[in-house]
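In: All I have is the shape, not the residue letters:
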């Protein structure tokens, strides 16, 4: 097919009038999150999910973690009225690869290339390096539901118009919330089903209260794991807000780099990202630090949402049995119970999380493909995959550690 325009001119796309005859809107893409004020963006993103906030997206860009040079060229989409007031938005990136997404389409890219097509670049509406479900079609919280639905439909359509204008092979929306998923499905995107593991707070008063809800064997196993960490002389501290200092970020970044280099050959996030996160979103940071003999040896980074704690990154420079489970899972549960949070999302992958109280939950992504024949091929693949994932969810549910009521 034709070569995509990698440096597209960004004139506004004029959209059709709204169903009730209101003035036509325009869609504009931005080369940086800083092309819109934090106040205007956050008025659309709301305060419930930290990852779509202006502060988080700006920290990714400003630190050099998510930029054109790393394969994440910002093309954030904003819907505006005739006075240039932002009415809706979507985080959007022009991607030159498929890394850091946690919805894997490398096989799609290979198939498209073998057929003579050019899969990259592609468009992706997502939060870089963040497999957490949340809003992607951003409309003001508290908006009239009918109007909110209209604006989400407008965004879903405008994203496709942008993809067609610049000539990319495909457009993807990863981990959208339920209202966004409905709008994307109605707009004709293909849906893909995935699995994550989340812990749900059932009104627990303490960690022991949570353990009391587990089968006896599972309860004893968790107590043994926690006791093993204490017996090894590891001391854990949970830091939030101004208690997180640059020395903590220095240590945590070293853990992060060591772990990612051993697993994948390199980390996505620069050292500066963590400093900017601490400067701009200190109240959202929940950093678990582990020390042995007074020396930091491991850490787990979480971000705090309105009713959810999101586990994001882990790193360790020493080998202590069960420390990963303690720092990433049990400390998160204790924090969530103490704060009265509804759930903990522990990130992508890991069936081992089930035995520690994190149960399988479905996730969604949505996909638009330019080539009709390729779209039909992927649609058939996704139909089979959805059936397999649904069966897997049912099977995994049978491994629940909770006592049968």
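Out: Received the coordinates, thanks. Computed from a prediction, not measured in an experiment: that's the story for all the values here.
In: and the gap between residue 320 and residue 237?
Out: Counting by Cβ to Cβ, to the nearest Å, the gap from residue 320 to residue 237 is 15 Å. Heads up, the C-betas are built off the backbone N, CA and C, glycines and all.
In: These two: which has the busier surroundings?
Out: residue 320 (18 against 14; other Cβ atoms under 10 Å).
In: how close does the closest residue to the more buried one other than its chain neighbours sit to residue 291?
Out: Ranked by Cβ to Cβ, 6 or more residues apart in numbering and with sequence neighbours excluded, the top spatial neighbour of residue 320 is residue 232, at 5.2 Å. With distances taken as Cβ to Cβ, residue 232 is found 12 Å from residue 291.
In: who has more neighbours, those two?
Out: residue 291 (16 against 13).
In: so which strand or helix has that one?
Out: strand 285-292 (DSSP states H and E).
In: Then residue 221?
Out: helix 216-231.
In: Following the chain past the worst-scoring helix or strand of the chain on mean pLDDT, name the next helix or strand.
Out: Here the helix or strand of the chain ranked lowest by mean pLDDT, DSSP states H and E is strand 13-14, holding a mean of 58. Once the chain leaves strand 13-14, the next helix or strand it forms, by DSSP H and E, is strand 26-30.
In: packing partners for whichever helix or strand comes after that next one?
Out: Next along the chain after strand 26-30, taking DSSP H and E as the criterion, comes helix 38-45. Applying 3 or more Cβ pairs under 8 Å, 6 or more residues apart in numbering; DSSP states H and E, one finds that helix 38-45 contacts helix 54-62, strand 86-90.
In: same thing but at 6 Å, please
Out: helix 54-62 (3 or more Cβ pairs under 6 Å, 6 or more residues apart in numbering; DSSP states H and E).
In: can you list contacts of the helix it packs on?
Out: With contacts defined as Cβ atoms under 6 Å, 6 or more residues apart in numbering, helix 54-62 is touched by 33, 38, 41, 42, 50, 66, 128, 273, 276, 277, 280, 281.
In: Most neighbours out of the residues you listed, which is it?
Out: Top of the contacts of helix 54-62 by neighbour count (other Cβ under 10 Å): residue 66, with 27 neighbours.
In: Would you check that it makes contact with residue 126?
Out: No: Residue 66 is beyond contact range of residue 126, at 10.3 Å (criterion: Cβ atoms under 6 Å).
In: about what we covered before: the strand holding residue 291 - contacts with which helices or strands?
Out: strand 234-240, strand 295-304.
In: Tell me which helix or strand comes right after the longest one.
Out: Looking back up the chat, that one is strand 295-304. That would be, after strand 295-304 and using DSSP H and E, strand 308-316.
In: which residues of the stretch 301-405 of the chain fall in strands?
Out: Along the stretch 301-405 of the chain, the stretches classed as strands by DSSP state E, counting those that start in this stretch are 308-316, 343-348, 359-369.
In: Including mean neighbour count, could those strands go into CSV?
Out: Below are the strands of the stretch 301-405 of the chain laid out as CSV (neighbours: other Cβ atoms under 10 Å):
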stretch, mean neighbour count
strand 308-316, 23
strand 343-348, 22
strand 359-369, 21
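In: Give me the pLDDT value at residue 258.
Out: Confidence at residue 258, expressed as pLDDT, is 87.
In: Residues contacting stretch 115-127, please?
Out: 1, 4, 51, 90, 92-96, 109, 112, 136, 163, 168-174.
In: Can you select the buried ones among these for me in PyMOL?
Out: Selection of buried members from those for PyMOL, criterion 16 or more other Cβ atoms under 10 Å:
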select buried, resi 4+51+90+92+93+94+95+96+109+112+136+163+168+169+170+171+172+173+174
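In: Which of the contacts of stretch 115-127 fall in strands?
Out: Counting by DSSP state E, those place 90, 93, 94, 95, 170, 171, 172, 173, 174 in strands.
In: ok, which stretches of the stretch 51-200 of the chain are helices?
Out: 54-62, 106-114, 145-166, 178-186 (DSSP state H, counting those that start in this stretch).
In: most tightly surrounded among those helices?
Out: Compared across the helices of the stretch 51-200 of the chain, helix 54-62 shows the largest average neighbour count, a mean of 22 (mean count of other Cβ atoms under 10 Å).
In: Would you mind checking the average pLDDT for it?
Out: pLDDT averaged over helix 54-62 gives 98.
In: same check, this time on stretch 351-366
Out: 95.
In: Residue ranges in the stretch 251-400 of the chain under the pLDDT threshold?
Out: Where the stretch 251-400 of the chain drops to pLDDT under 70, the residues are 262-266.
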